[in-house]
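[1] what shape does this take:
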Amino acid sequence: MSEASTPARAAPQDTALTAGLVAGALGLGAVLQIWIPPGPLTLVAAAGIASLVVLGLAFSLPGRLRATLSGFRFTSTLLIALALFAVIGTLVLQGKPAPVYLQRYGAVGRLILALRFDDIFHGLPYAGLVSLFGAAILASASLRWPISFRRAGFFVAHLGLLISGAGAAASSVLAVRGRIDLLAGGDVARAVVVTKGGLSTGETRPLGFDLKLDMFDLVNYDTEYRVGYYEKLAVRRGDQVLTDWRLKTSFDPDTTSHRLPGGDAFRLKGVYPDFVETPQVTPAAAGGAPALEATLAGETRWIMPGEGIASPDGLTAVVLAQGRPAAPTGVMTSFLVSASERRVIIHTGDGEMTTPLVEGMSLGGGLVRLGRFVPSATRTLAYGTRSQQWRNPAAVLETTLGGRVQEQLVYANQPRGIFLQPDRTALVFEKRDKEVKAFRSHVTVTQGSQVEHAVISVNDPLDFGGWTLYQVNFNPEQPNYSGLEAVRDPGVRWVFFGFALICAGVAYMFYVEPKLRGGGIDRSGAPAEAPPQPAAQA
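    Numbers count the residues shown, from 1 in each chain. This is a model prediction of the structure:
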């Protein structure tokens, strides 16, 4: 029989062992966690003990257990199982109180709690998978022992895996996360209130130093106008579940077309920072009224019979009538235009003077200018802006709902919702001011004789005394308050050190080991190992 047939016989054994190990770890963990609740210590202790047990069996029992643990088939299956746990842990909220799951997931919430999916990464099934992963690393390394230059990359990468795992275990058990609430000029913080899942546990841990808030700095964005997209969502307030409109996203006030969830779309056909409705006239074939374009004191307007335009001081006016207009009361100088006679009567306190109506004529020393005269016209209102200053912002909002196009004039100073789905989603053209751009805590840290002044912001935490302090909260109604999150994680540095070793080991395997296998002298000065020869036929 050929030795080449051995892999063919081993494949079914590896498959059966792989399935048995993974299913056994999951099943045994699911049963045991009925009595053993999830937790960081549970995860680390169970994973460490189970890993040693599996590794001991692999070395002591005859058969292919150790080879199976070292094989690609086992590792790929294990990674798929771990990925499924990652998916569940992403879809299901972790570490929240039981009522949250019942309220958010309904009947499924009871199943989540029964299967311990609310803390899936600290449960025994997950610990079983982690233990198999650790055993696989050590078993694989044992089959390639001793270390040589040709296999150094493999051992460095696996050492990195073990160090990262140990660092993660230390983080799981020893890491502390909590809150510090400070008031500028108030008392000094010397401890942190431990939190879990964002909620206080009532436990405190000493910081080891004094932390004082000198000043809290809140910076707002400049006032701007945007189109907000709102959804009506269920919000829990205390013991009550209420519905409230919540902003999901917002858009710049431009004319770009935007597609929304569900296939709806909208765009702004026009944006007017200082909105005004300007009368416009269109010549009519018959039956229309005469119209005159008049300019007085720099203001131009179309007027029709019975209408006029007055100067800001009220001393001058232009009036149009079908026949002869009457002079307005209290106006010192009136320019009375007769549409039927095509004449202008200039009325003053000293008398009247008549002149023919001519397009473009200037009167009153340039104070009045009479432009186009249309004998028969219809009038419409056109949207415009007096200036580019955001004094009276408005926009024409066009929505496309189920293929039906509608448009509405909306005002930012009088915002109201344009409903896309009844009582579910809406668009609002609104003024956005007092939105927070940045918030920073100016603090003084004192530890013995060491005094340090620092600024903590959202993207710039402070590392001091083994703690990392993050800026996470503020209260706009209490400008001297600052909320900080304090994290102490002794394992995180070891995790990143392990990552660095993994990268170095993989680089060594890809770029150095192939050259060593090609022959020549290795760094020890000894001849390089010869490449393996094909197995001889029996």
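
[2] use CA for all of it now, contacts and neighbours both
    Noted.

[3] can you list the domain ranges for this structure.
    Per automatic domain parsing, the structural domains of the chain span 3-143, 176-220+436-488, 224-274+388-432, 278-383.

[4] which one of those domains lies nearest to residue 511?
    Residue 511 lies closest, by CA to CA, to one member of those: domain 3-143, at 20.4 Å.

[5] any idea how far that closest one is from the chain center?
    Centre-to-centre, domain 3-143 and its host chain are 33 Å apart (CA atoms, centre = their mean, to the nearest Å).

[6] same thing with stretch 359-378?
    Relative to its parent chain, stretch 359-378 has a centroid offset of 58 Å by CA atoms, centre = their mean.

[7] if we can go back for a sec, mean neighbour count added to the domains of the chain, as a markdown table?
    Listed next are the domains of the chain as a markdown table, based on neighbours: other CA atoms under 10 Å:
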| stretch | mean neighbour count |
| --- | --- |
| domain 3-143 | 17 |
| domain 176-220+436-488 | 16 |
| domain 224-274+388-432 | 16 |
| domain 278-383 | 17 |
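
[8] nearest to residue 514, of those domains?
    Judged by CA to CA, the one of these that comes nearest to residue 514 is domain 3-143, at 19.4 Å.

[9] I figured residue 269 hits residue 397, correct?
    Yes. Contact criterion CA atoms under 8 Å: residue 269 and residue 397 qualify, at 6.2 Å.

[10] max-length helix in the protein?
    helix 6-32 (DSSP state H).

[11] using PDB, write out every CA atom in stretch 93-106.
    Presented in PDB, the C-alpha positions along stretch 93-106 are these (Å, rounded to 0.1, in the frame of the first residue of the first chain):
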ATOM      1  CA  LEU A  93     -27.400  44.000  22.600                       C
ATOM      2  CA  GLN A  94     -24.800  42.900  25.100                       C
ATOM      3  CA  GLY A  95     -24.800  43.400  28.900                       C
ATOM      4  CA  LYS A  96     -28.100  45.200  29.200                       C
ATOM      5  CA  PRO A  97     -30.700  44.600  32.000                       C
ATOM      6  CA  ALA A  98     -33.300  41.800  31.300                       C
ATOM      7  CA  PRO A  99     -36.300  44.200  30.800                       C
ATOM      8  CA  VAL A 100     -34.400  45.800  27.900                       C
ATOM      9  CA  TYR A 101     -34.500  42.500  26.000                       C
ATOM     10  CA  LEU A 102     -38.100  41.900  26.700                       C
ATOM     11  CA  GLN A 103     -39.100  45.400  25.600                       C
ATOM     12  CA  ARG A 104     -36.900  45.400  22.500                       C
ATOM     13  CA  TYR A 105     -37.100  41.900  21.200                       C
ATOM     14  CA  GLY A 106     -40.500  40.800  22.500                       C
END
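
[12] quick one: residues in contact with that stretch.
    Residues external to stretch 93-106 that are found in contact with it (CA atoms under 8 Å, 6 or more residues apart in numbering): 108, 109, 110, 112, 113, 117, 118, 119, 120, 196, 197.

[13] ok, the residues you listed vs residue 475, which is closest?
    Among the contacts of stretch 93-106, residue 197 lies closest to residue 475 (CA to CA), at 21.2 Å.

[14] look up how far residue 98 lies from that closest one.
    12 Å (CA to CA, to the nearest Å).

[15] low pLDDT regions in this structure?
    Along the chain, the model assigns pLDDT under 70 to residues 1-9, 236-241, 519-538.

[16] may I have the strands that pair with the strand of greatest length in it, each with its orientation?
    Criterion DSSP state E: the longest strand present in the chain is strand 199-220. Next to strand 199-220 in the sheet, as set by DSSP bridges, lie strand 189-196 (antiparallel), strand 436-447 (antiparallel).

[17] what are the boundaries of the helices in the chain?
    6-32, 40-60, 65-70, 72-91, 98-105, 107-114, 124-143, 152-174, 492-511, 513-517.

[18] report all helices and strands that the fourth one contacts.
    Applying 3 or more CA pairs under 8 Å, 6 or more residues apart in numbering; DSSP states H and E, one finds that helix 72-91 contacts helix 6-32, helix 124-143.

[19] the shortest one vs helix 72-91, what angle?
    Computed by axes from the mean of the first three to the mean of the last three CA atoms, to 10 degrees, the angle separating helix 124-143 from helix 72-91 equals 150 degrees.
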